[in-house]
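*Asks:* With the input below, show me the fold.
(4 chains, ligands or ions: 4)
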Amino acid sequence: MEQTYIKAINIALHEEMRRDENVFIMGEDVADLGGAFKATEGLLAAFGEERVIDTPISEALIVGAGIGAAVLGMRPVVEMQFADFISCAFDQIVNMAATLRYRHGGKAACPLVVRAPSGAGVHGALFHSQNPEAWFTRVPGLKVVAPATVYDAKGLLKSAIRDGNPVVYFEHKRLYRSIKEDLPEGDFTVPIGVAEIRKEGGDLSLITYGGTLGPSLDAARIVEKEDGLAVEVLDLRTLLPLDREAVLATARKTGKVLIVHEDRLTGGIGGEIAALISEHAFEDLDGPVRRVAALDTHVAFSPPLEQTILPDTNRILEAIRGLAAY
Amino acid sequence: MEQTYIKAINIALHEEMRRDENVFIMGEDVADLGGAFKATEGLLAAFGEERVIDTPISEALIVGAGIGAAVLGMRPVVEMQFADFISCAFDQIVNMAATLRYRHGGKAACPLVVRAPSGAGVHGALFHSQNPEAWFTRVPGLKVVAPATVYDAKGLLKSAIRDGNPVVYFEHKRLYRSIKEDLPEGDFTVPIGVAEIRKEGGDLSLITYGGTLGPSLDAARIVEKEDGLAVEVLDLRTLLPLDREAVLATARKTGKVLIVHEDRLTGGIGGEIAALISEHAFEDLDGPVRRVAALDTHVAFSPPLEQTILPDTNRILEAIRGLAAY
Amino acid sequence: MPETIGARGEAEPSPRIEYELQLYYWMKLIRAFEERVSRLHRQNKILGGVYSGAGQEAIVTGICAPLKDGDFVAPLHRDMGVFIMRGVEPSRLMAQLMGKETGLSRGKDSFLHGGDMEHFVFGSTSMLGSSLPVAVGAALKFKMKRDPNIAVAFFGEGASSRGDVHEAMNFAGVHKLPVLFVCENNRYAYSTPLEKQMAIEDVADRAEAYGFKGHVCSGNDLLAVLEVTERVVDKVRAGEGPALIECKTYRYRGHSEHDAALYRDKEELIEWESRDPIPRFEFYLEKKGHDIKRIREQIDEKTNQVVQQAVDYAEQSPLPDPKEALEDLYASPAASVTPSSNSNSNHGAR
Amino acid sequence: MPETIGARGEAEPSPRIEYELQLYYWMKLIRAFEERVSRLHRQNKILGGVYSGAGQEAIVTGICAPLKDGDFVAPLHRDMGVFIMRGVEPSRLMAQLMGKETGLSRGKDSFLHGGDMEHFVFGSTSMLGSSLPVAVGAALKFKMKRDPNIAVAFFGEGASSRGDVHEAMNFAGVHKLPVLFVCENNRYAYSTPLEKQMAIEDVADRAEAYGFKGHVCSGNDLLAVLEVTERVVDKVRAGEGPALIECKTYRYRGHSEHDAALYRDKEELIEWESRDPIPRFEFYLEKKGHDIKRIREQIDEKTNQVVQQAVDYAEQSPLPDPKEALEDLYASPAASVTPSSNSNSNHGAR
Ligand SMILES: Cc1ncc(C[n+]2csc(CCOP(=O)(O)OP(=O)(O)O)c2C)c(N)n1
Ligand SMILES: Cc1ncc(C[n+]2csc(CCOP(=O)(O)OP(=O)(O)O)c2C)c(N)n1
Ligand SMILES: [Mg+2]
Ligand SMILES: [Mg+2]
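*Replies:* Ligands and ions are numbered 1, 2, ... in the order given. Predicted coordinates for the structure are as follows:
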């Protein structure tokens, strides 16, 4: 059946809560309201208020309490109302959760999922548009995923819940209702740590994830038609651990790599990927690894500013053509 | 006169507080104790408890109150007792301080310095060894500095205090008393945003900062003597804004670049630098940009683990030789 | 309507009658502004989130009226009225909401996060509660510099659960800082009712735990808010340390204009609407002998005009130039002195 | 010395006399362990930071003795004694301090941050106060699963200023969770005295502001700690909601072994040393008719032996293999079930 991205998340939560009674939900307005974006809609009715918990506005507590329950074998799925507010739970995630197993000498685990609605392009301005993933992809002990499709939204969330580690799950707000797919019913998972080629091609590799997969594919299709260029589009899906093999394989195959993300350029994960490629596929490169990303500023509110700041199909197109011509 | 790195910080604070009555100090144990590392020693006696303020254990408050005073024209220098605890003030720094001017449409400023004793190699283990700089170098609106020398420790701190923006000042704990230099007396500053060549050379560029400048220079001297290799060592000094010109100039000059930092490999600033070079000096590269950094884990306590995790002169040496032979 | 009613939030407390009419004007202006904003949002003329403060006008009016020039105020996301009370021109506010160049943040953010430091109104981030440490820092500056000013930090009962609020209040208590914490307790944080937020009834009870006094008042009763504020602000200004005023109130509209607020009881809303601060104050004015019908007409005309002018101004204002996206990030070292650094210039004007 | 004195922290409360001797043994063992650790640090046999809990033994003993198997405890950085009380072998603790493979964290961290979830002792991070939300989450699990367990979170009065503490207590109050907050108020946070940390005298006063009760007791009086704990723990376990116990005490040594604590008054230290919990309890035992001299000798012999064995064990243990630096970061999905997930197995043993 055709489903939206947000519905896929909702279905995954329903199914996982049914499957495992240790799964529970915690966050602001997740119960009666069903979440600011309706991701947790219907869960209260189905599972009761002991397993679907509205919290006060206390992000550090939400994550910290999730950790405490997780270390005792529960499988909490906690929600940041917006990914932007993850800054308020930062210490609990990067220090408490990420080091937990390590500092217990491998004899404890923290199977916690932090859901974080991220991304721009919805007139959210500085504090409702952030893409904070690169703050977490540098933290060993965490896993970080960022689904770009309806299928992955469901499959990766299930994997995250079943994973034995703290997983930050970035769901892109702009995709919530803007993309629809035929979503297979029933149980399936998408493995964490495995990227996916969305379009094969031999001329140039485009590596992306999350909110920029759509515009990237659009651009790839346009250059295919207009310029006869075969762009290979790799969707990372998991940002930590990175699927290095897939990244290096496509780079070696085409010799030209463009990295696209909605996060800002400097310090975005694109730098790390470019560095990996430049180091490990150096001999295979026929041109510089280039990046298309948000400008190095905050996501501003006013449409002309927001449009300038965020990457779009046109900027990707231009970059593909520039690199192809290199 | 010969001074230590920590003494240079102390002198800078004394001089700046004398120079500008709007400069004041706030943090845990900074007054009577003079700070956990004695960086603020003598300030209480010289300037009184109104300008040297011991706070409760409240990192968010420390930074937040600094912001409130700064926006009214004060020049607070606040201290995190260890850089590791900056995670507890994360939101105040990356959201409140970094966006302040932007969201006020350029009509407000936040001249705040956050001092953060960072770095490993002092048996500090997971929570007293962190190098958190790359969490901040991806945040527009902030500046980030990391002095590696006694001279820079003083000069950059003075610039940070006089800068009109929030500056995170990473001081490396291992350098505090391990390095000494003839420090000119009186007022001088080191400009923010300007890297410095510490050793010229034409065979290979080594880009580093902070705690790994020493071992990098050691390695450069060894290969000079033993292998006749002329390594150019660039000390970044400022991590945001990056001195792109200096980075690209040395890369173009030698064609081979090794980046060295104590922060862990994945998500360290080295990735961003490698990406910059690979994109903008692609044609000049005679080999892959390589990185020497801490392993992708937390800094463990036990000496055999800590030694394995942290980069040292030997690993740098090996990397120089490997790259030179490429 | 007396001539002395101006756009500025600073009140001339004497003669009392004029002052009271001014207060009425402000409440009405704020309500009119809020309502217009809700309408503009429905008309898609405002794109960002709109968080109406309708129903809570007595709080911003009663808290801000006794403040002085140079007092530092950090408003809550629902406190459009604070800007008006502190003298920010309604037209600039409207421009801010529409993302125009002439708005407070020059289009960088929508209403919520634009401050106006010329009027000492601090633009908070979205992170609830995070502005309390900042207000405490402002108060620290006032204390250090012997300024005769105070800092005022507004927060919702929802925000009171944030750690930053705790850290801020504790420190303010230790240093006896001139800061007033104002809790607008409207019984909901988004959809979450009070009893899921805290196990106590009055946020004001927390003050004691930080070594200062907490006060509770009806936030829908302008005279009550004013009375406690005047009394408390004098003490805070006199150096007696921080204080907390909790104003009990109710949010009329949804959490934001997107929210139908189906989680709330209709009865509850009706009950609270019957406590509307505006008719309540009209009744008082009437009792005092004013011809309230005439006054209301006059004032409605005036507020409609002010709001309409604001809309016109905002609509005619240009959008920012795309290249400004990269401006306003950094101060140059020389230019870094804020307008506020010569904050003492207008002190003691009253 | 009765045979029943064992290494485990779980007490056999009857007959009372044996229980009391056991309590004495534990305090003595903890003190002996602490003192040896300080000495080892001076001898450079322990490289990491050492934060002595000497002087505070009555607290960890009195709080932990009434706990049951499966209760979750998050100790403070000064609470080596908690590990001992919960049944963690002293030799593994010593190995932890020396960074050995046989330590709790297999050399990953020094004492501070190694937990032992087999004994439900949680290894906190260094970030003070951050373990309170975690303890609250453990209590939430107990409540959800109808476990007969409680969570206990220790924190210093210094840590009480952290935002996380506020968020944790507030949430615990709302959900009436089975969690006991234990504040060890030793009047200093590193060099910072109480009056610079808070404007109130008793941290326990905060509890009311979260809707539960706070209790104050002398932390240097084992019987007092025990009395309040037994009473309060029963209520918490019975589902009456969280509680806070504040134990007034004093830190004998510097903040860490690096700290000469020159900021403190010598007189103050002497005053507090005269309240040492161990002689105080000895006096009690004597009053009860015990031959305290003989008992002390016996117990000193035993504790010295236990501590020496711990040192020997730790010294003979291997350091971790360098390649382990990259181990223990991630659980494989299958192996992720913690030992604690079958936590109910020993419940109700008492
Ligand atoms: C730290 C943080 N978490 C979550 C949110 C999302 N959010 C915006 S307003 C709101 C409810 C605020 O309630 P309250 O503080 O009572 O103010 P009110 O809206 O009722 O005036 C929430 C949860 C936020 N802005 N900041
Ligand atoms: C968030 C945080 N800030 C600062 C520190 C540094 N620090 C370690 S112990 C300590 C003092 C702790 O005081 P208290 O909580 O009273 O415990 P005590 O040491 O007195 O037992 C400080 C400031 C820390 N560990 N964590
Ligand atoms: Mg509210
Ligand atoms: Mg203490």
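*Asks:* Is there proximity between stretch A:153-170 and chain D?
*Replies:* Yes. Applying CB under 8 Å from any CB of the partner chain, one finds that stretch A:153-170 is in contact with chain D at A:162-165. Just so you know, the C-beta spots here come from the backbone N, C-alpha and C atoms, and that holds for glycine as well.
*Asks:* Could you turn the buried ones of these into a PyMOL selection?
*Replies:* With 16 or more other CB atoms under 10 Å in any protein chain shown as the criterion, this PyMOL line picks the buried residues out of these:
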select buried, chain A and resi 162+163+164+165
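*Asks:* Now do the phi/psi pair for the closest residue to chain D within the stretch 151-300 of chain A.
*Replies:* Going by CB to the nearest CB, chain D is nearest to residue A:164 of the stretch 151-300 of chain A, at 2.0 Å. Taking degrees, to the nearest 10, you get phi -90, psi 10 for the backbone angles of residue A:164.
*Asks:* Against chain B, how distant is the nearest residue to residue A:180 once chain neighbours are set aside?
*Replies:* Leaving aside its sequence neighbours, residue A:180 sits nearest to residue A:2 (CB to CB, 6 or more residues apart in numbering or on different chains; 5.0 Å). According to CB to the nearest CB, to the nearest Å, residue A:2 and chain B sit 37 Å apart.
*Asks:* just to revisit the earlier point, can you redo the residues of stretch A:153-170 next to chain D as TSV with distance to residue D:232, secondary structure and pLDDT?
*Replies:* Below are the residues of stretch A:153-170 next to chain D laid out as TSV (distance: CB to CB, whole Å; DSSP: H, G, I helix; E, B strand; the rest coil; pLDDT from 0 to 100):
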residue	distance to residue D:232	secondary structure	pLDDT
A:162	39	helix	98
A:163	38	coil	97
A:164	35	coil	96
A:165	36	coil	98
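*Asks:* Which of the residues of stretch A:153-170 next to chain D sits closest to chain C?
*Replies:* For the residues of stretch A:153-170 next to chain D, the residue nearest chain C by CB to the nearest CB is residue A:165; the value is 25.5 Å.
*Asks:* these two touch, right, the closest one and residue D:331?
*Replies:* Yes. With contact defined as CB atoms under 8 Å, residue A:165 counts as touching residue D:331 (5.6 Å).
*Asks:* shared neighbours, those two?
*Replies:* A:101, A:109, A:111 (CB atoms under 8 Å, 6 or more residues apart in numbering or on different chains).
*Asks:* what about the second one, which SS state?
*Replies:* Spelled out, it's residue A:109. Put simply, residue A:109 is coil when judged by DSSP: H, G, I helix; E, B strand; the rest coil.
*Asks:* Give the burial count for it, as a bare number.
*Replies:* Neighbour count of residue A:109, defined by other CB atoms under 10 Å in any protein chain shown: 28.
*Asks:* Hmm, it is touching residue A:72, no?
*Replies:* No. Judged on CB under 8 Å, residue A:109 makes no contact with residue A:72 at a distance of 10.3 Å.
*Asks:* Tell me if I'm right that residue C:249 and residue C:185 touch.
*Replies:* Yes. With contact defined as CB under 8 Å, residue C:249 reaches residue C:185; the gap is 6.6 Å.
*Asks:* Which neighbours do those two have in common?
*Replies:* Residues touching both residue C:249 and residue C:185 (CB under 8 Å, 6+ apart): residue C:219.
*Asks:* between these two, which one's more packed in?
*Replies:* For residue C:249 and residue C:185, the more surrounded residue by other CB under 10 Å is residue C:249, and the numbers stand at 28 against 25.
*Asks:* Next, the closest residue to residue A:93 other than its chain neighbours: phi, psi?
*Replies:* Using CB to CB, 6+ apart and skipping the chain neighbours, the partner closest in space to residue A:93 is residue A:63 (5.8 Å). The phi/psi pair for residue A:63 (degrees, to the nearest 10) reads phi -70, psi -50.
*Asks:* List the residues that contact residue A:63.
*Replies:* A:78, A:89, A:92-93, A:96-97, A:112, A:114, D:133.
*Asks:* One more: residue A:84?
*Replies:* Residue A:84 neighbours (CB under 8 Å, 6+ apart): A:118, A:127-130, A:132, B:95, C:126-127.
*Asks:* one more time with 7 Å
*Replies:* Neighbouring residues of residue A:84 by CB atoms under 7 Å, 6 or more residues apart in numbering or on different chains: A:127-128, A:130, C:126.
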